[in-house]
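> build me a structure from this.
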Amino acid sequence: MSLGHLDAPPIIEVVCGVHFAPLVGLDPLVVGAYGATRRDEFPKHSLHPVLVEDPARLLSESPPIRTWLISADDSFVLQFQSDRFYVNWRKSRGAYPRFGDHDGGVGLLGKTLSEFERFSAFCESHFGNKPEPLRVELAKIDLFSEREHWKDFQDLSNLLPCLRPFGGFLDSGAPRLLIRLVGSREAGDLAVTIGSSVRDAGDGEKTNGISLETRATAILPDPTVLREAFVWCNENVNRVFDDLVAEPERATRFMKGVP
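Below you'll find the predicted structure:
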């Protein structure tokens, strides 16, 4: 399956994550040492609560801190906590780098694998332990902005035909929307969320939009198959976009018809 070349894709964020058994030695001092080695590429940082499967539980192996290392242009973020590692691409000044390698350039998959390898080598050299991957996670967030991508709910329904049945319930042209589907399979999980979004347009005004967030996870039968697991997740995430976003509308709103 190929979505074709998207000349002006609506994608605004991609998250690639690796989950692993908790690393006891990954304490704040070690995290700070790793951040110091990456300061040229990621000069900014911030601290956040850890991500957990069950919000009622906190990891006991290390302090509940998730560290972000942020690139100078805010496009890339490295996140790590005692049991997870993420590479985020966020739409900023540059275009989406593509998921796979393309035209001699390294895509987001290649960057994620190299960053995780570098992080793993650092952990092993500093406290004799390195993360053993258990599963991978991939999320893509698309934003369909009002005025830029659609003008009213009927026009939005042409772009996302799954919304057409809701048009008959509306008395207003600007409804608040939240649709979420979560499914589990033997190989992993898939979650799809379509919801209203309000974002800063950059000129002091707010712009309304509809976000499509698709998140896939894959359980690793072997820690050496990271690349294959990410490719599997990417295929499933792309399939959701392919099924939900009408192909004729993609050609007119996001593409120039390049196969």
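
> neighbours of N208, how many?
By other Cβ atoms under 10 Å, 16 other residues sit near N208. Using the backbone N, CA and C atoms, a C-beta is placed for each residue, glycine as well.

> show me what contacts it?
Shown in contact with N208 (Cβ atoms under 8 Å, 6 or more residues apart in numbering): S145, E146, A174, S196, S197, V198.

> in the sheet, who's paired with it?
With DSSP bridges as the criterion, N208 is bridged to V198.

> poorly predicted segments of this structure, please.
In the predicted model, the chain carries pLDDT under 70 at residues 1-5, 54-63, 171-174, 201-204, 256-259.

> all strands of it, in order?
According to DSSP state E, the chain carries its strands in the segments 11-20, 44-48, 66-70, 76-81, 84-90, 133-145, 178-184, 189-200, 206-219.

> which elements pack onto the fourth one?
Strand 76-81 sits against strand 66-70, strand 84-90, helix 108-127, with contacts defined as 3 or more Cβ pairs under 8 Å, 6 or more residues apart in numbering; DSSP states H and E.

> give me whichever of the ones you listed is most buried.
Sort the helices and strands packed on strand 76-81 by mean neighbour count, taking mean count of other Cβ atoms under 10 Å, and strand 84-90 sits at the top with a mean of 21.

> any chance you could list what contacts that one?
By Cβ under 8 Å, 6+ apart, strand 84-90 touches 12-20, 51, 66, 74-80, 96-97, 108, 111-112, 115-116, 119, 131, 137.

> contacting residues for V15?
V15 touches Y86, V87, N88, E137, L138, A139, K140, R215, counting by Cβ under 8 Å, 6+ apart.

> and the gap between it and P43?
21 Å (Cβ to Cβ, to the nearest Å).

> then I194?
36 Å.

> got it, and C233?
According to Cβ to Cβ, C233 stands 30 Å off from P43.

> between the two, who's got more neighbours?
In terms of neighbours (other Cβ under 10 Å), C233 is the more surrounded of C233 and P43; the figures are 28 against 12.

> which ones are touching the more buried one?
Neighbouring residues of C233 by Cβ under 8 Å, 6+ apart: V136, E137, L138, G188, A216, T217, A218.

> I'd like these written out as a markdown table, with distance to P248 and neighbour count added.
Compiled in a markdown table, the contacts of C233 are given as follows (distance: Cβ to Cβ, whole Å; neighbours: other Cβ atoms under 10 Å):
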| residue | distance to P248 | neighbour count |
| --- | --- | --- |
| V136 | 33 | 26 |
| E137 | 32 | 21 |
| L138 | 27 | 27 |
| G188 | 31 | 20 |
| A216 | 26 | 27 |
| T217 | 32 | 21 |
| A218 | 32 | 23 |
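
> and which of the residues you listed is nearest D7?
Nearest to D7 among the contacts of C233, counting by Cβ to Cβ, is L138 at 23.0 Å.

> is the closest one in a bridge, and if so with what?
Beta bridges link L138 to C16, A216 when assigned by DSSP bridges.

> tell me the contacts of F127?
By Cβ under 8 Å, 6+ apart, the residues touching F127 are L23, G25, L26, V30.

> what does Y96 give?
Y96 sits next to P9, I11, V14, W89 when contact means Cβ under 8 Å, 6+ apart.

> state the distance from it to G128.
Taking Cβ to Cβ, one finds Y96 at 38 Å from G128.

> now I179
Separation of I179 from G128 (Cβ to Cβ) stands at 47 Å.

> unless I'm mixing things up, E146 is touching K206, no?
No. Counting by Cβ atoms under 8 Å, K206 is not a contact partner of E146; they are 10.3 Å apart.
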